[in-house]
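In: need a 3D model of the following:
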Amino acid sequence: MDFNSFLSQINKLKKIPLGGIESQFKMAPELRKNFSSEDIQERNPKESAVLALFYPDKTNTTKILLMLRSNYKGVHSAQISFPGGKKEDTDNSLLETALRETKEEIGIDKKEITIIREITKTYIPPSNFWVYPFVGYTNKVPSFVSNYEVETLIEVPISDLIDDRSLGLKNLSTSYMKNIDVPCFKLNSYIVWGATAMILSEIKDLFKCLNS
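Out: Residues are numbered from 1 along each chain as shown. Down below sits the predicted model:
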């Protein structure tokens, strides 16, 4: 999808009903599906926010940014995510959290970003976080400046995300699950699963609705 086509559909993207948990659960590990709303509430989750950022590349192709996190001591070490992180006491809103973290992690200032909408929050059991995703875009080819939290930036053409051939299953073992088949996206030779895949699934369904 070229970026001019993307821009022409923004008003529609703002109005399309969200797929919500139904969209997200298409790509949810079984572990996540076992948590009811009551279970989550009892755990009193912390709050975080992420930004799904769309932008043009040098050929005017629309891309969405993911990133491979650096290795650190934590359950999400070396996993693929969106720019974002924990809400700080100094953040006046979760949107401010997403924009602040985007600036810190990839160097894109909030003045360069237009927010399209907030989509459905996603619960992450291993770290006990609610993640609030925001979808936005920047009009120009970004000059990314990554900080120490980012190992690699992953620039995904939106056409690859929408293509059902990017879907698959991956057998994984982590610190909190062993030998489990999880649904995933295969994007730019990376396996994207978990909360990031769930958020991408809802975004994908929004774009699918544009052509239905």
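
In: what helix or strand does Ile116 sit in?
Out: In the assignment (DSSP states H and E), Ile116 maps to strand 114-118.

In: show me what the next helix or strand along the chain from that strand packs onto, helices and strands only.
Out: For strand 114-118, the succeeding helix or strand toward the C-terminus, using DSSP H and E, is strand 122-124. Applying 3 or more CB pairs under 8 Å, 6 or more residues apart in numbering; DSSP states H and E, we find strand 122-124 packed against strand 129-137, helix 194-210. (Glycine included, C-beta is placed from N, CA and C.)

In: which parts of the helix or strand of the chain with the lowest mean pLDDT are buried?
Out: Least confident helix or strand of the chain, by mean pLDDT, DSSP states H and E, is helix 30-33 with a mean of 82. Neighbour counts using 16 or more other CB atoms under 10 Å place Arg32 of helix 30-33 among the buried residues.

In: coming back round to it: now the strand holding Ile116 - C-alpha only, PDB.
Out: Output of strand 114-118 as PDB, limited to C-alpha atoms (Å, rounded to 0.1, in the frame of the first residue of the first chain):
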ATOM      1  CA  THR A 114      -0.600  12.300  14.400                       C
ATOM      2  CA  ILE A 115      -2.800   9.900  16.500                       C
ATOM      3  CA  ILE A 116      -5.500   8.100  14.600                       C
ATOM      4  CA  ARG A 117      -7.200   6.300  17.500                       C
ATOM      5  CA  GLU A 118      -6.700   4.100  20.600                       C
END
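
In: which residues in this structure form helices?
Out: For the chain, the helices defined by DSSP state H occupy 3-8, 10-15, 20-24, 30-33, 37-43, 94-106, 158-162, 194-210.

In: buried set for the fifth one?
Out: The one in question is helix 37-43. Neighbour counts over helix 37-43 (16+ other CB under 10 Å) mark no residue as buried.
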